[in-house]
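**Student:** sequence and predicted model, in that order:
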Amino acid sequence: MKSPLKSQISRRSFIQITAGAAALTGLALPKVATAASDTSLSTLIDLSLCDGCADREIPACVSACKSINKDKIPPVADPIPEPWPRKTIEDWSKKQSVTDRLTPYNFIYVQKVEISEDDAKKTVFIPRRCMHCDNPPCATICPFSANHKKANSAVVINQNQCFGGAKCKDVCPWEIPQRQSGVGIYLHVLPGFMGNGVMYKCDLCHDRLVQGRAPGCIEACPRQALLIGPKKAIEEEARHRAAKMNGYIYGKDENGGTATLYVSPVSFEKLDAAMVKKPGQPDMKTSVQRRMQSTDPLGKAVLASPLLGVAAAGVLGWFSKRKEQLKKGEKDNV
């Protein structure tokens, strides 16, 4: 049965909700949901359809994402300032071709999971990227307001505001954001003491959404294993598919709810138990509580930190200095 929700969209129309979808959901849905509107969107990842693009060297979703974001990160400082006191530098600039985990240069990857069920071996392919939580603790805790939850559900990090402190990664249950040292505004403030780069992750192709275009991973999927649409319609579609395959849903309640729903014929407890868990390869635990509940005191402390004043002064100083340099250049050219 063909899905009533289309994964392909044009520039003029974000997603068409057919009469079949309206009947399925029982909701009075708009015929067109534009990303520029206040319509909350969700994505659906159907693990019964994803085959990891076995006929390709790199899965189509990964390839499309890398192509779209290949120029996102600016040139890295050489040498990268060594931060004090931790002296930890995370540099992926010479490993941009990595596709089997999340990195600052790779926002989505597909994990292959082998499980045994009913005395038979089964292979499941799981695309992993930011879950775009409904109430993202990463955006709540960011001391520089570099992380934002958009009206269309995308959680976006502004690389021009991020200092790479990795608080967002600390409170993410899946540790999704990845850091690239040697880039960002911290280089113009206190490069040895203030920050350590910029945090990067999937932003749901927000720039494409506001143009009425689908995220690259969804547009590229040859099996339509990834869909996007109005949140209520996607949630109903997820319930419909899970019931049809006698399967399971992930992302509806985890971390307080997310805008990414997985449906699977295999329980997520089994998938999580069989998954390879390494840095950049997040788990799929089903008992995921919103970490911010236990880190609110940390968030308040960070937000009240006097370092913010230092940073603000440094940023203003840098812009002021830059402005004077530009004025001097204009006078010299007269």
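**Tutor:** Perfect, I can see it now.
**Student:** from what I can see L271 touches V124, true?
**Tutor:** Yes. Using C-beta atoms under 8 Å, L271 is in contact with V124, at 6.3 Å. From N, CA and C alone the C-beta is placed, and that goes for glycine too.
**Student:** so what sits against both of the two?
**Tutor:** Contact criterion C-beta atoms under 8 Å, 6 or more residues apart in numbering; residues shared by L271 and V124: 113, 115, 264.
**Student:** which one of the residues you listed is nearest K231?
**Tutor:** Nearest to K231 out of these is S264 (C-beta to C-beta; 19.9 Å).
**Student:** could you give the number of residues near the residue nearest to the closest one when sequence neighbours are not counted?
**Tutor:** What sits nearest to S264 in space, not counting adjacent residues and going by C-beta to C-beta, 6 or more residues apart in numbering, is L47, at 4.1 Å. The number of residues packed near L47 is 22, by other C-beta atoms under 10 Å.
**Student:** kindly report the same for D207.
**Tutor:** Around D207 there are 12 residues (other C-beta under 10 Å).
**Student:** element containing S63, please.
**Tutor:** Assigned by DSSP states H and E, S63 belongs to helix 60-68.
**Student:** scratch that, I89
**Tutor:** I89 belongs to no helix or strand, assigned by DSSP H and E.
**Student:** just the buried ones from the shared contacts of L271 and V124, in PyMOL syntax?
**Tutor:** Restricted to buried positions by 16 or more other C-beta atoms under 10 Å, the PyMOL selection for those reads:
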select buried, resi 113+115+264
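**Student:** and which of the shared contacts of L271 and V124 is nearest to D283?
**Tutor:** V113 (11.1 Å).
**Student:** confidence score at the closest one?
**Tutor:** For V113, the pLDDT comes out at 97.
**Student:** residues contacting it?
**Tutor:** Residues in contact with V113 (C-beta under 8 Å, 6+ apart) are 123-126, 271, 274-275.
**Student:** strands of the stretch 201-334 of the chain, start to end?
**Tutor:** Under the criterion DSSP state E, counting those that start in this stretch, the stretch 201-334 of the chain contains strands at 226-230, 248-250, 260-264.
**Student:** does anything pack onto the shortest one? Which helices or strands?
**Tutor:** Packed against strand 248-250 by the contact rule (3 or more C-beta pairs under 8 Å, 6 or more residues apart in numbering; DSSP states H and E) you find helix 231-244, strand 260-264.
**Student:** which one of the ones you listed lies nearest to S145?
**Tutor:** S145 lies closest to strand 260-264 among these, at 23.4 Å (C-beta to C-beta).
**Student:** report the mean per-residue pLDDT for that closest one.
**Tutor:** Strand 260-264 comes out at a mean pLDDT of 98.
**Student:** stretch 205-214 too?
**Tutor:** Stretch 205-214 comes out at a mean pLDDT of 95.
**Student:** so how far is it off the chain centroid?
**Tutor:** In terms of C-alpha atoms, centre = their mean, to the nearest Å, the gap separating the centre of stretch 205-214 from the centre of its chain is 14 Å.
**Student:** kindly report the same for stretch 39-57.
**Tutor:** Distance, centroid of stretch 39-57 to centroid of chain: 15 Å (C-alpha atoms, centre = their mean).
**Student:** okay, how far is it across it, tip to tip?
**Tutor:** 36 Å (C-alpha to C-alpha, to the nearest Å).
**Student:** mind listing what's buried in that stretch?
**Tutor:** Neighbour-count burial for stretch 39-57 flags 39-50, 52-53 (criterion: 16+ other C-beta under 10 Å).
**Student:** make TSV out of the strands of the stretch 201-334 of the chain and add distance to D134.
**Tutor:** Listed next are these as TSV, based on distance: least, C-beta to C-beta, whole Å:
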stretch	distance to D134
strand 226-230	14
strand 248-250	14
strand 260-264	10
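**Student:** so which of the ones you listed comes closest to P59?
**Tutor:** Short answer: strand 226-230, nearest of the strands of the stretch 201-334 of the chain by C-beta to C-beta, at 10.9 Å.
**Student:** who does the closest one touch, helix- and strand-wise?
**Tutor:** With contacts taken as 3+ C-beta pairs under 8 Å, 6+ apart, strand 226-230 sits against strand 41-46, helix 216-220, helix 231-244.
**Student:** what's the end-to-end length of stretch 192-204?
**Tutor:** Stretch 192-204 has an end-to-end distance of 32 Å (C-alpha to C-alpha).
**Student:** and the helices and strands packed on strand 248-250, which is most packed in?
**Tutor:** Of all those, strand 260-264 carries the top mean neighbour count, a mean of 25, counting by mean count of other C-beta atoms under 10 Å.
**Student:** mind listing what it pairs with, with the direction of each?
**Tutor:** If you go by DSSP bridges, strand 260-264 pairs up with strand 41-46 (parallel), strand 248-250 (antiparallel).
**Student:** as CSV, the ones you listed with mean pLDDT and distance to Q281 would be great.
**Tutor:** Converted to CSV, these look like this (pLDDT from 0 to 100; distance: least, C-beta to C-beta, whole Å):
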stretch, mean pLDDT, distance to Q281
strand 41-46, 98, 16
strand 248-250, 98, 16
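**Student:** what are the buried residues along the helix holding S63?
**Tutor:** Residues of helix 60-68 classed as buried: 60-66, 68 (neighbour count, 16+ other C-beta under 10 Å).
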